[in-house]
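# Okay, sequence plus prediction incoming.
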Amino acid sequence: NSRGASYLLKDSVPITEFSASGPFEGHDLLRRGFTSVKNELLPSHPLELSEKNFQFNQDKTNFATLRNIQGLHAPLKLQMEFRAVKQVQRLPFLHSSNVALDTLRGNDECIGFEDILNDPSQSEVMGEPHMMMEYKLGLL
């Protein structure tokens, strides 16, 4: 093919829009949603920061307790398992339930807010599969 792939992209969005990085990077509305200056400056509620860091603080407390009871190897092994489980994901446009991570944390038998109101079929951030996969592979 003498024309190359450029004829396929003549009607598409310019690639520079997706590959921009640095201080002048444009806001990606598809992946990050609408921006609000107020939300970027301060949390909207005093407990918001505590809620955002709840799982991290709970893991830190569990690791400290585990270290005091079983020694240094136990939290290190558990952190290694967490890291390995987090790396296994579905394709970027499919919702991942992270069942293995929930099982390791002991949350597999708990029903929480996110289990009821975080239905992936109702998600507003579902994107175009081909574009999301190309972005993840670094083709865009």
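Cool, the structure landed.

# Report the separation between the two terminal residues of stretch 102-118.
Terminal residues of stretch 102-118 are spaced 15 Å apart (Cα to Cα, to the nearest Å).

# Residues touching that stretch, excluding its own?
If you take Cβ atoms under 8 Å, 6 or more residues apart in numbering as the criterion, stretch 102-118 is touched by Gln55, Asp59, Leu78, Glu81, Phe82, Val85, Val99. The way it works is simple: take the backbone N, C-alpha and C, and place the C-beta from them, glycine included.

# tell me the secondary structure for the closest residue to Ser96 other than its chain neighbours?
Nearest residue to Ser96, sequence neighbours excluded (Cβ to Cβ, 6 or more residues apart in numbering): Arg90, at 4.6 Å. Secondary structure, DSSP: H, G, I helix; E, B strand; the rest coil: Arg90 is coil.

# name the helices or strands packed onto the top helix by length along the chain?
In the chain, taking DSSP state H as the definition, the longest helix is helix 54-70. Here helix 54-70 touches helix 73-87, going by 3 or more Cβ pairs under 8 Å, 6 or more residues apart in numbering; DSSP states H and E.

# Now do the helix it packs on: everything it contacts.
Contact with helix 73-87 is made by Asp59, Phe63, Ala64, Leu66, Arg67, Asn98, Ala100, Leu101, Leu104, as judged by Cβ under 8 Å, 6+ apart.

# Likewise for stretch 59-66?
Counting by Cβ under 8 Å, 6+ apart, Ala74, Pro75, Leu78, Gln79, Phe82, Arg105 sit against stretch 59-66.

# between the residues you listed, which has the most around it?
Sorting these by how many neighbours each has (other Cβ atoms under 10 Å) puts Pro75 first, at 20 neighbours.

# Skip the chain neighbours and tell me the closest residue to it.
Going by Cβ to Cβ, 6+ apart, Pro75 has Phe63 as its nearest residue, at 4.0 Å.

# number of nearby residues for the one you found?
Per other Cβ under 10 Å, the neighbour tally for Phe63 reads 16.

# picking that back up, okay, the contacts of helix 73-87 in CSV with pLDDT and distance to Asp28 next?
Output for the contacts of helix 73-87, formatted as CSV (pLDDT from 0 to 100; distance: Cβ to Cβ, whole Å):
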residue, pLDDT, distance to Asp28
Asp59, 90, 29
Phe63, 93, 34
Ala64, 95, 38
Leu66, 94, 39
Arg67, 95, 40
Asn98, 82, 23
Ala100, 89, 29
Leu101, 88, 26
Leu104, 89, 31
